[in-house]
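Visitor: Predicted model and sequence below, questions to follow.
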Amino acid sequence: MKYVFSVLIIFALLFAASEFNAGNSAGTNAAYAAFYVVPPNYSGVQGTGSFLGPLSNAQRTYQMLIRDSILTGLVGQQITALTFRLLASASSNWPASDVTFTNYDIYLSQSVAPENRSFTFAQNVVGEQKRVRSGSLTITAGSFPFGGSPTTFGTDITFDSAYVYNGGHLLIEIRHTGFTGTSASTDAVLTSTAGYGFLFSACWAGSYTATSTTTQGNFVVTRLNASPLTAIGNESETAGSFSLRQNYPNPFNPVTNITFEIQRASVVSLKIYDISGSEIETLVNNESMQAGTSSMIFNGEKLSSGIYFYSLFIDGQKIDTKKMMLVK
């Protein structure tokens, strides 16, 4: 009976993992995608205000400036989608019926520091903007759930092409036309909240084609989807120089071995994440290691049964991520 019960748990966890990966894939074939909430301290906490920008039924241009110091976990990753969440005071899922923006364009680039934000949109851009999404956007009924404080993030707005983040302050620019239907207010951080104007800032205008504004805006709590790079330029050569093996045993209870191989001297990190993408343990922390094969023991004695992930970082760049299963 105990064996049968364990098998049932394994099948349930495998199904949960497939659902997790499907929900996080954001249209990519990456083996693992993680959620990053900005500002990060509002990941599980309701914001201090609201903003009508990203889900407004009227035209908007909205810029969000994010300081590099709160984006370190994104370095070397490709951002593939974003989304928002409703206010804790929302009384129903949104939208009540499907709504369609004729145009919903998203641009990503580096930016000036949030405290140097300009009301001329172009002056906030550093380098070249990449349009990662364009064209119409249909949000199906009930895509943004209500209930809880904070509420659950809505369905991902996926990109047409990924944006590779290599550090620096980040600028997210959203330009959208209106739609027929009711707007939704999104959870946000007020301009008077600590951190606004240094860690993050925003500005907006009531036009799809605006070039400037006179209005700063509350900063919408935003969830980004990101995944490891897959064979882009020299990234393929770098990844090919290292190997992260499947843990053994897998499933495990409560101890397993994680083995990796490096072919040149490198600074190595090995980190463990739960199914939500939160880091729970670091097995190797920026250690200088010589070429060769290394094995690390991971003990999940204090953890609950479930799906976990482990990622190998080489010289600050995430190389690979694999999935493992703890069954108690």
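Guide: Perfect, I can see it now.
Visitor: what residue ranges in the stretch 201-328 of the chain score low on pLDDT?
Guide: Along the stretch 201-328 of the chain, segments meeting pLDDT under 70 span 229-241.
Visitor: Repeat the analysis, applying 80 as the threshold.
Guide: For the stretch 201-328 of the chain, residues meeting the criterion pLDDT under 80 lie at 228-241, 275-277, 317-320.
Visitor: just so I have it, where are all the helices in it?
Guide: Along the stretch 201-328 of the chain, counting by DSSP state H, counting those that start in this stretch, helices occupy 235-240.
Visitor: isn't G306 right up against D274?
Guide: Yes. Counting by CB atoms under 8 Å, G306 does reach D274; the two are 7.2 Å apart. The way it works is simple: take the backbone N, C-alpha and C, and place the C-beta from them, glycine included.
Visitor: ok, those two, which is more surrounded?
Guide: Legend: neighbour count by other CB atoms under 10 Å for G306 and D274, higher for G306 (18 against 15).
Visitor: Residues in a beta bridge with the more buried one, which ones?
Guide: G306 has these beta-bridge partners by DSSP bridges: L326.
Visitor: Please apply the same query to E261.
Guide: Beta-bridge partners of E261, as defined by DSSP bridges: S243, T293.
Visitor: Now do the contacts for it.
Guide: Contact analysis of E261 by CB atoms under 8 Å, 6 or more residues apart in numbering lists F242, S243, R245, G292, T293, S294.
Visitor: contacting residues around the last one?
Guide: Put plainly, it is S294. So S294 contacts T259, F260, E261, I262, V268, V284 (CB under 8 Å, 6+ apart).
Visitor: so which of these comes closest to A210?
Guide: Nearest to A210, judged by CB to CB, of the contacts of S294 is V268 at 46.7 Å.
Visitor: What sits closest to the closest one if chain neighbours are left out?
Guide: Among residues not flanking V268 along the chain, M289 sits closest, at 4.8 Å (CB to CB, 6 or more residues apart in numbering).
Visitor: is it true that T152 touches G142?
Guide: No. Look at T152 against G142 with CB under 8 Å: they stay out of range, at 11.6 Å.
Visitor: Weed out the non-buried ones from the contacts of S294.
Guide: For the contacts of S294, a burial check counting by 16 or more other CB atoms under 10 Å picks out F260, I262, V268, V284.
Visitor: How about the third one: which residues does it bridge to?
Guide: Spelled out, it's V268. The partner residues for V268, given DSSP bridges, come to E287, I314.
Visitor: how close does it get to Q290?
Guide: In this view, V268 and Q290 are 10 Å apart by CB to CB, to the nearest Å.
Visitor: swap in the second one?
Guide: When distance is defined by CB to CB, I262 is 8 Å away from Q290.
Visitor: For burial, what's the neighbour tally of the residue nearest to V268?
Guide: M289, neighbours per other CB under 10 Å, totals 15.
Visitor: quick one: contacts for it?
Guide: M289 makes contacts with I262, A265, S266, V267, V268, as judged by CB under 8 Å, 6+ apart.
Visitor: T180 now?
Guide: Contacts of T180 (CB under 8 Å, 6+ apart): N57, V99.
Visitor: Over to the one 3 residues further on?
Guide: Residues near S183 by CB under 8 Å, 6+ apart: L52, L55, S56, N57, A58.
Visitor: Now the buried members of the contacts of E261.
Guide: F242.
Visitor: Switch the contacts of E261 over to a markdown table; also include distance to N41.
Guide: Shown next, in a markdown table, are these (distance: CB to CB, whole Å):
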| residue | distance to N41 |
| --- | --- |
| F242 | 33 |
| S243 | 36 |
| R245 | 35 |
| G292 | 39 |
| T293 | 39 |
| S294 | 34 |
